[in-house]
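Trainee: This is the structure alone, sequence omitted:
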Ligand code: SF4
Ligand code: SF4
Ligand code: FES
């Protein structure tokens, strides 16, 4: 068995010659367009395999991003036939329509080149939403026990498996309408921290997430939840933040 | 461009309006049973502090509620700075309240 440069096997079981017509977005910044490439069909081929095939065999100047190839790192997300997907875990067979496939960079972020979106604004918002843990203990203190069955821990657990892929962010129409909106991932992260009993920055965080571009702008239309590859529910997390902030306003704490 | 306070204000005005709308609809259904005309309506509302208060409260709640909703739609469609949005929101609320209260005045006090 011979391995091709994209890791695919050359003795494929597909009928010889079957091809997918792939339209890839090529360009820099905001100028560019779709370019067509014909890629051979392989067994169990992912969208990432297809993009890799094009880069290794057809045009080595194609830029794209990936790392783990197993759905852990969150770096390979792209727009596939108009919807945001993690490309390393998306089978081409599932998405190809009449032998055609379109792959574009994620929306709602500036494009650097080809399929690479600039994720800096996305991560900046994690900081703006105070998405970092702030504890009170030092390394010499005992580890604070957190009961796995406590309501706070269960609530936090529901949101912690985020891989920072920005798929939800690309899916969110409110981000498209208001580029300053903090977005589902940063708010989901903030909500997990609000439910971390060891965290001490709740007040600041609640202020940050309930300001003008924060959680109250969410329309609860659940695109984030629909497309999150890890089945997280940022809409519910945001609803939790809304309730918490409104309660704080009523108590005069915000 | 909706912070916690504006969000709360919009929800609170919705809560105020909900029962008022139901009462309003119930009164309409009750009032038209035997056919109705302007004189009949005016005979009920003229000089009535209860109906005056009822509809004034409704007008104010609706003005605030609608202005915040339009603020959101306006911002998401056209953008705009916070300051501009604040001015437009207040102006819309004021115009709606003025038109509504004038109508209330017309059926209660004139
Ligand atoms: S539910 Fe909220 S955060 Fe999620 S996609 Fe809709 S507006 Fe965006
Ligand atoms: S919430 Fe889901 S879609 Fe959004 S960044 Fe995290 S893993 Fe990706
Ligand atoms: S390459 Fe790591 S999640 Fe796809």
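Mentor: That came through, no problem. Computed from a predicted model, the values in this text were never measured in an experiment. Numbering: from 1, shown residues only, chains lettered A, B, ... in the order given. Ligands and ions are numbered 1, 2, ... in the order given.

Trainee: Model confidence for the closest residue to residue B:2 other than its chain neighbours, exactly?
Mentor: Using Cβ to Cβ, 6 or more residues apart in numbering or on different chains and skipping residues adjacent in sequence, the residue nearest residue B:2 is residue A:216, 4.4 Å away. (Glycine included, C-beta is placed from N, CA and C.) At residue A:216, the model reports a pLDDT of 98.

Trainee: isn't residue A:216 right up against residue B:10?
Mentor: No - here residue A:216 lies out of contact with residue B:10, judged by Cβ atoms under 8 Å, at a distance of 9.2 Å.

Trainee: three-state assignment of the residue lying farthest from the centre of chain B?
Mentor: Residue farthest from the centre of chain B, counting by Cα atoms, centre = their mean, is residue B:34 at 28.1 Å. What DSSP: H, G, I helix; E, B strand; the rest coil gives for residue B:34 is coil.

Trainee: Can you find the helix or strand in chain B with the smallest mean pLDDT?
Mentor: Among the helices and strands of chain B, helix B:38-45 carries the lowest confidence by mean pLDDT, DSSP states H and E, at a mean of 88.

Trainee: That helix packs against which elements?
Mentor: Packed against helix B:38-45 by the contact rule (3 or more Cβ pairs under 8 Å, 6 or more residues apart in numbering or on different chains; DSSP states H and E) you find helix B:4-31, helix B:49-78, helix B:82-108.

Trainee: what would the ones you listed look like in JSON lines with distance to residue A:188?
Mentor: Formatted as JSON lines, the helices and strands packed on helix B:38-45 follow (distance: least, Cβ to Cβ, whole Å):
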{"stretch": "helix B:4-31", "distance to residue A:188": "18"}
{"stretch": "helix B:49-78", "distance to residue A:188": "21"}
{"stretch": "helix B:82-108", "distance to residue A:188": "25"}
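
Trainee: Comparing the ones you listed, which comes out most buried?
Mentor: Most buried of these by mean neighbour count (mean count of other Cβ atoms under 10 Å in any protein chain shown) is helix B:49-78; its value is a mean of 17.

Trainee: Compute the number of surrounding residues for residue A:46.
Mentor: By the criterion of other Cβ atoms under 10 Å in any protein chain shown, residue A:46 has 22 neighbours.

Trainee: how far away is the residue in the stretch 1-150 of chain A positioned nearest to ligand 1 from ligand 2?
Mentor: Nearest residue of the stretch 1-150 of chain A to ligand 1 (Cβ to the nearest ligand atom) works out as residue A:108 at 10.1 Å. From residue A:108 over to ligand 2 the distance is 12 Å, taken as Cβ to the nearest ligand atom, to the nearest Å.

Trainee: Touching, residue A:68 and residue A:89? I think so.
Mentor: No - with contact defined as Cβ under 8 Å, residue A:68 does not count as touching residue A:89 (10.2 Å).

Trainee: Those two: who's more crowded?
Mentor: Set side by side, residue A:68 and residue A:89 show more neighbours around residue A:89, with 15 against 12, by other Cβ under 10 Å.
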